[in-house]
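Predicted coordinates and the sequence they were generated for:
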Amino acid sequence: EWRANTSHDITFANNIVAECLSNSTHSKGEHSKGTLIHDNVRNVLVTGSLYAHNVERNVLFKGGASGVVRGNVIYNPAKRFTHFNLNAVDWEGHPWEFTEASILDNIYIAGPSTDPKAFAFNLGGEGPLDLNMSGNLALNAKGGAMPQLGGSGAKTAELVDRLGEAARTNPADASALRASMANVLAKCGARPWDRDPIDARIVADVTAGTGRIIDSEQDVGGYPVRPRTRAAFVEADWNLDTLARR
């Protein structure tokens, strides 16, 4: 029952997750994090999205989680691209559960802020991981192949590698993945047909290999100044039971 009451059946699609502030105001200090699929969160699909200039969690799976990360562009993290980490202290009193992660057809690109020793999927922490990983393109900052799987720290995680090392090599013909990357960059964000200067700059960073992890919005010009807009509420125009416009 304690597992059943967590979030489940989630689709996260065509978003931009970028420039999460690093050394800013968080009580833990450095905290530039992208997306966390937390302990026992199930059936999550992350697709068609751009992750750029986040230190880590691009995406992070915790213990007992399950999900698919497919067809995304992950650019210029610092330490970690996608990773797994079950934290034993969070599971006191409960047996560890398998995490099920499918990492498919993504484009991983190191950038100016990326550790040269980084790899596309980082195995950390403790507990069991059932991993399906294939069809990904992983490039270092010079455009060469980047290692796709590695570990860090005093990990004791148990890996069940469903598809094996051969599935974790850059495809000989990456043209389909590069077309997928162009499609992600064309469609990600709230208004891809009419991007504001911030989204446009972040997308341009990926294409140009520029940009960096930031500590403050002032590092990239500060928050934009938006003109104030107002509209009168006309009750007759709305169905207040459903909050739908008539």
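That came through, no problem. Residues are numbered from 1 along each chain as shown.

And the helices in the chain?
175-187, 197-208 (DSSP state H).

Out of these, which is closest to A65?
helix 175-187 (23.2 Å; C-beta to C-beta). (Glycine included, C-beta is placed from N, CA and C.)

and the residue nearest to the spatial centre of the chain, what are its phi and psi?
Centroid-nearest residue in the chain, with C-alpha atoms, centre = their mean: N58, separated by 3.0 Å. For N58, the backbone dihedrals (degrees, to the nearest 10) come out as phi -120, psi 40.

Kindly report the same for G221.
When read as degrees, to the nearest 10, the backbone of G221 gives phi 100, psi 0.

which stretches of this protein aren't confidently modelled?
Residue ranges of the chain with pLDDT under 70: 153-154.

wait, doesn't the residue nearest to the centre of the chain sit right on V73?
No: using C-beta atoms under 8 Å, N58 makes no contact with V73, being 10.1 Å away.

Can you pull the residues that touch both of these two?
Y51 (C-beta atoms under 8 Å, 6 or more residues apart in numbering).

hmm, back to that, out of the helices of the chain, nearest to F233?
Evaluated over those, closeness to F233 peaks at helix 197-208, with 29.3 Å, by C-beta to C-beta.

tell me how far that closest one is from the chain's mean position?
How far helix 197-208 lies from its chain's middle: 17 Å, per C-alpha atoms, centre = their mean, to the nearest Å.

what about R3, how many residues close to it?
Look at R3: counted by other C-beta atoms under 10 Å, it has 13 neighbours.

what's the distance between it and F98?
Applying C-beta to C-beta, to the nearest Å, the value for R3 to F98 is 12 Å.

Give the residues shared as contacts by those two.
G64.

Please name the residues that touch the residue nearest to the centre of the chain.
V17, G34, T35, Y51, I74, P77, R80, F81, T82 are the contacts of N58 under C-beta under 8 Å, 6+ apart.

Go again with 10 Å.
The neighbours of N58, taking C-beta atoms under 10 Å, 6 or more residues apart in numbering as the test, are 17, 20, 33-35, 46, 49, 51-52, 69, 72, 74-77, 80-83, 106, 108, 120.

any idea how far the residue lying closest to H94 once chain neighbours are set aside is from K79?
In this structure, H94 finds its nearest non-sequential neighbour in W2, 7.3 Å apart by C-beta to C-beta, 6 or more residues apart in numbering. Using C-beta to C-beta, one gets 31 Å for the distance from W2 to K79.

Comparing the two, which residue is more hemmed in?
Between W2 and K79, counted using other C-beta under 10 Å, K79 has the larger neighbour count: 16 against 8.

got a list of what the closest residue to the more buried one other than its chain neighbours touches?
Nearest non-adjacent residue to K79, counting by C-beta to C-beta, 6+ apart: E56, 5.2 Å away. Going by C-beta under 10 Å, 6+ apart, E56 touches 20, 30-34, 36, 77-83, 85, 118, 122.

mind running it again at 8 Å?
Each residue near E56 by C-beta under 8 Å, 6+ apart is listed here: S32, K33, G34, P77, A78, K79, R80, H83.
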